[in-house]
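Visitor: Sequence and predicted structure are below.
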Amino acid sequence: MQLTVWTYEGPPHVGAMRVCAAMEGVHYVLHAPQGDTYADLLFTMIERRGTRPPVTYTTFQARDLGGDTAELFKNAAREAYERYKPQVLVVGSSCTAELIQDDPGGLAMALGLDAPVVPLELPAYQRKENWGAAETFYRIARAMAGPHAPAPGSSSARAREAGQRARCNVLGPCSLGFRHRDDLVEVLKIIESLGVDVNVVAPLGATPADLARLGEADFNVVLYPEIAGQTASWLQRTFGQKATRTIPIGVGATRAFIREVAELADVDPSALLRPDLSRLPWYSRSVDSTYLTGKRVFVFGDASHAIAVADVAAKELGLKVVGLGSYSREFAREIREAAARHGVEPLVCDDYLEVEAAITAAAPELVLGTQMERHVAKRLRVPCAVISAPVHVQDFPARYSPQMGFEGANVLFDSLVHPLMMGLEEHLLGMFRGDFEFRDGVAPSHLGHGEAPAETASENDLEEDGEVKTRGASVAWTLDAEKELRKIPFFVRGKARRNTESYALERGVGRIDVETLYDAKAHFGR
Amino acid sequence: MSAVSTQSVPQGKSLGASLGASLGASQGISLGSCATGPKIVQERGQREVFCGLTGIVWLHRKIQDAFFLVVGSRTCAHLIQSAAGVMIFAEPRFATAIIDERDLAGLADIDDELDRVVTRLIERRPDIKLLFLVGSCPSEVIKLDLSRAAQRLSQQMTPNVRVLAYSGSGIETTFTQGEDACLSALVAQAQRADAAQKPSLLVVGALADAVEDQFRRLFAQMGIERVDFLPARRAADMPMIGPGTKFLLAQPFLTDTARALEALGAQHLPALYPLGAEGVAEWLRAAARAFGVSRETFEAVIAAPRARAEKSLERWRPHLAGKRVFFVPDSQLEPPMARFLARELGMEIVEIGAPYVDRRRLAEELALLPPDTPIVEGQDVERQLDRLRAARPDLAVCGLGLANPLEAEGFATKWSIELVFTPVQGFEQAGDLAELFARPLMRRELLEI
């Protein structure tokens, strides 16, 4: 039993819904009680979907449990098929129906419908939303493309004639995905510019008939391994299709992605490797960005976004990654590797309270996370940008706003940097900090006009004997040192305090006086 | 008269009759009738409603030192989070103890697990005085006895924390029935007042604090001295209940709570529900009569606020009069809402869908509905939407899962969940309630794109 305040992922059947809702010609009959119909509003409200997601719920009640819930399921499946006439009927159970063990797959097969039935086994007490989406995509893809697999022993790779353009599938974009809609446009632009044809995009917008053609591509472009990884590895085993590994988020990764696709397609990438295709490199080099240097950033999200964005933060914006984590336990290895590159402890965790504690401990100046970290950051009065699902209505902006490709890099520059103060603004604040508008306790304008939290001890905490215990740390500050600390501009004071304390701790200095403060400054400033 | 002319059902003819005929032919439907009021049709099929867990979203705000611990699955946690809409609270006073495969396989003792989770929770939140263990679909199906667990935990943690249990499971409760189950649990544990105690008035059903205060003032002006509200704002302030208790229901979905109160000797004061000027006046009148308030005093007390309420409705009536409204089942508030819209704002009721119609507690409401108003109890969402599309109402009142799809089809909609989350009861809120229905229609007139 796990105590959960907020969850990063829904149950696995919600992942299945995301795949079915992304596709055309699929209907999902879900054996589930009435409360589970809440999931419809994720699509209609968050994504502003103008049609109901293609899901029929059996909505069994307690009084049905003594009777025949299997019959209820069969009726629901039959009626849903007759009403919607899908190309494929996907069937499965939610958490409660899993416990009553009605076997939706067997029941639906027995109906003798004209369409193939794809049964889903999604263990709701073990797995979560992204796993459910990956499994669902794989099951539908396998049901449709499987019959076209080359016979065992025959050459599985598609033989391409000389002069014929390479062809790829684009896998992963899905309903309720973080910016999937716009990422797809950006990536298709790249693929087209390389002179590569697109065979199938899936699940978003694909029909089951499209999935039957998956084997006709030369290779796969995997945009979101959380959703498409399983399908891509099955396609590799079955059809010999290689898959891309780079997630094209950021300028560097986009270029690496272009080279990877070009190599798989055997085309020349040079036209797309020109330096002027994104504004990010110049914006990052222009002087106003100097203030970004070494700013402490905490990154948390799904594995793909967190890893990619941490790289952008470090290599393309010059920030210092002080924390990196993900709720995607399936990608723990990748997260650990990335954390090692940045020299931080990996945080693989889906306990929101633990993530909050880790952020607080890391004392970042910027948080890049999900909507939940946005709330943590708000409480800590630290600027934040959202970089990953779980999605919120704000993550479906009306404007074009990809994360991937060169335009995605432009968007990232804006969305990662704008929450911070502009360089010149910060400089001026430092100059005029003696003016009453900039007195202590006034938060930077971009954080609203509230009072900043007491980030140093208040006057009342300065005790008579001239010693102040700092919170949590075993180092005391003398009154003089505390007063001196206050002369440091408030927006760098937290950093000065932390540096001084860690300096004092390292050297076993029990009391921080003015000397210690300046010794530490000299030490860290060297 | 309706602005829509493309309807398939001829105007003037009873839609109820044609509805009954079309429904009677389909499966799983039985026609029932009420002795006095309109005909109630029962429908079975896919329901598109929340489960009772959703009530936690407003109940945890009402009882300020209570914590709601759902014992359920990841789906339950995701539902409450999604229904709450935004993750606004630093650390909300609700959470889910997610049952995992170790619990199901019997590898972990589920009582020990629950003790561990509750202990951790109370350590984190020493401010919690009342803990609800809330049953869910999975906990009901595996027959987890949360009442017994609540008793055990209550003994362990007395006197600091009281632990109660109720079920908000979707196999037993629909949306607002979660509040009914919660209040029933409170009544079962309430202190008993003896027969000698002076009569007291109890208002049952969660109301916004501001609304509660308005009612408290009106009752005081009428001279009704002892007035309690259930639920109280704090765990320690829950009212005593006994034969001297006379209670008004502030919400129409409190069937089990009302029964539990009556079992303790309390007396129900049947009335309209306090929605709209007329509803509030009649609701207050029931209390005034029961407590011997003179007619003159009563009229004097309500005259000014009632006039304000009526005046506030005038502003919205031009937007709503003659418009046709269709209720898709949601909160059980549908019959009193329809009565308010029909009688005070001149709207035409196309269909009242409600998850459950308590004929006894709604008798006064049903009697005031226009004759032949079709009432459909239960739901088959596909057939209901077929009827809605055929009837082409000016306004559909429905849940969030249906609202945008219906808007995309060209229907104006009102999210029904707002009717539960917004303070709408009382004289001072009558205009606000009308505005909730008028706003979607006005908005459509404003937009030129």
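Guide: Thanks, I have the structure now.

Visitor: which parts of the stretch 101-250 of chain A sit against chain B?
Guide: Counting by C-beta under 8 Å from any C-beta of the partner chain, the residues of the stretch 101-250 of chain A lying close to chain B are A:123, A:124, A:125, A:126, A:128. Every residue, glycine included, has its C-beta placed from N, CA and C.

Visitor: neighbours around the third one, how many?
Guide: Right, residue A:125. For residue A:125, the number of neighbouring residues by other C-beta atoms under 10 Å in any protein chain shown comes to 20.

Visitor: okay but it is in contact with residue B:105, surely?
Guide: No. With contact defined as C-beta atoms under 8 Å, residue A:125 and residue B:105 do not form a contacting pair (9.2 Å).

Visitor: In chain A, what residue lies closest to chain B?
Guide: residue A:35 (2.6 Å; C-beta to the nearest C-beta).

Visitor: so that residue sits in a helix?
Guide: Yes. Using DSSP: H, G, I helix; E, B strand; the rest coil, the assignment for residue A:35 is a helix.

Visitor: where does it land on pLDDT?
Guide: Residue-level confidence at residue A:35 comes out at 94, pLDDT.

Visitor: That one: how many residues sit nearby?
Guide: 33.

Visitor: can you tell me which residues contact it?
Guide: Contacts for residue A:35 (C-beta atoms under 8 Å, 6 or more residues apart in numbering or on different chains) come out as B:49, B:50, B:51, B:52, B:53, B:54, B:75, B:76, B:79, B:137, B:169, B:170.

Visitor: Is the last one in a helix, a strand, or coil?
Guide: Assigned with three-state DSSP, residue B:170 falls in the coil class.

Visitor: ok, it to residue A:270 distance?
Guide: For residue B:170, the distance to residue A:270 equals 58 Å [C-beta to C-beta, to the nearest Å].

Visitor: Ok, the fifth one next?
Guide: Distance, residue B:53 to residue A:270, using C-beta to C-beta: 58 Å.

Visitor: Compare the two and say which is more crowded by neighbours.
Guide: residue B:53 (31 against 10).

Visitor: Quick check: pLDDT value at the more buried one.
Guide: For residue B:53, pLDDT reads 96.

Visitor: Find the nearest non-adjacent residue to it, please.
Guide: Sequence neighbours aside, residue B:168 is the residue nearest to residue B:53 in space, at 4.0 Å (criterion: C-beta to C-beta, 6 or more residues apart in numbering or on different chains).

Visitor: wouldn't that neighbour be in contact with residue B:181 here?
Guide: Yes. Residue B:168 is within contact range of residue B:181, at 6.3 Å (criterion: C-beta under 8 Å).

Visitor: how many other residues sit next to the nearest residue to residue A:55 once chain neighbours are set aside?
Guide: Using C-beta to C-beta, 6+ apart and skipping the chain neighbours, the partner closest in space to residue A:55 is residue A:28 (4.7 Å). Here the count is done by other C-beta under 10 Å, and residue A:28 has 26 residues near it.

Visitor: Angles on the backbone of residue A:28, please.
Guide: In this entry, residue A:28 is assigned phi and psi values of phi -110, psi 120 (degrees, to the nearest 10).

Visitor: One more: residue B:41?
Guide: With angles defined as degrees, to the nearest 10, residue B:41 sits at phi -100, psi 140.

Visitor: name the element residue A:177 belongs to?
Guide: With elements delineated by DSSP states H and E, residue A:177 resides in a region that no helix or strand encompasses.

Visitor: same question, the one 5 residues further on
Guide: Counting by DSSP H and E, the secondary-structure element that holds residue A:182 is helix A:180-193.

Visitor: pLDDT of that helix, averaged?
Guide: Rounded mean pLDDT across helix A:180-193 is 98.

Visitor: residues of it that come out buried?
Guide: For helix A:180-193, the buried set under the neighbour-count rule, 16 or more other C-beta atoms under 10 Å in any protein chain shown, comprises A:180, A:181, A:182, A:183, A:184, A:186, A:187, A:190, A:191.

Visitor: Can you tell me which of the residues you listed lies closest to residue B:431?
Guide: Top of the list for closeness to residue B:431, among these and by C-beta to C-beta, is residue A:181 at 40.7 Å.

Visitor: so that closest one touches residue A:174, yeah?
Guide: No. Under the contact definition of C-beta under 8 Å, residue A:181 does not touch residue A:174, with a separation of 9.9 Å.

Visitor: Find the residues that touch each one of these two.
Guide: Overlap between the neighbourhoods of residue A:181 and residue A:174 consists of residue A:204, taking contacts as C-beta under 8 Å, 6+ apart.

Visitor: thinking again about what came up before, show me which of the residues of the stretch 101-250 of chain A next to chain B are buried.
Guide: With burial judged by 16+ other C-beta under 10 Å, the buried subset of these is A:124, A:125, A:128.

Visitor: Which pLDDT does the model give residue 430?
Guide: You didn't say which chain, so I picked chain A. Residue A:430 is assigned 55 on the pLDDT scale.

Visitor: meant chain B, my bad for not saying
Guide: The pLDDT attached to residue B:430 in the predicted structure is 97.

Visitor: Which residue, other than its chain neighbours, is closest to it?
Guide: Nearest-residue entry for residue B:430: residue B:309, 4.0 Å, with adjacent residues in sequence omitted and distances by C-beta to C-beta, 6+ apart.

Visitor: element containing that neighbour, please.
Guide: Counting by DSSP H and E, the element that carries residue B:309 is helix B:295-320.

Visitor: Now do the buried residues in that helix.
Guide: Those would be B:298, B:301, B:302, B:305, B:306, B:309, B:310, B:312, B:313, B:316, B:319, B:320, for helix B:295-320 by 16+ other C-beta under 10 Å.

Visitor: go on, stretch A:292-309?
Guide: Neighbour counts using 16+ other C-beta under 10 Å place A:292, A:295-309 of stretch A:292-309 among the buried residues.

Visitor: tell me the phi and psi of residue 57?
Guide: I went with chain A, as the question did not name one. The phi and psi values for residue A:57, taken as degrees, to the nearest 10, are phi -100, psi 140.

Visitor: Sorry, I should have been clearer: chain B.
Guide: On the backbone of residue B:57 - angles per degrees, to the nearest 10 - the values are phi -60, psi -40.
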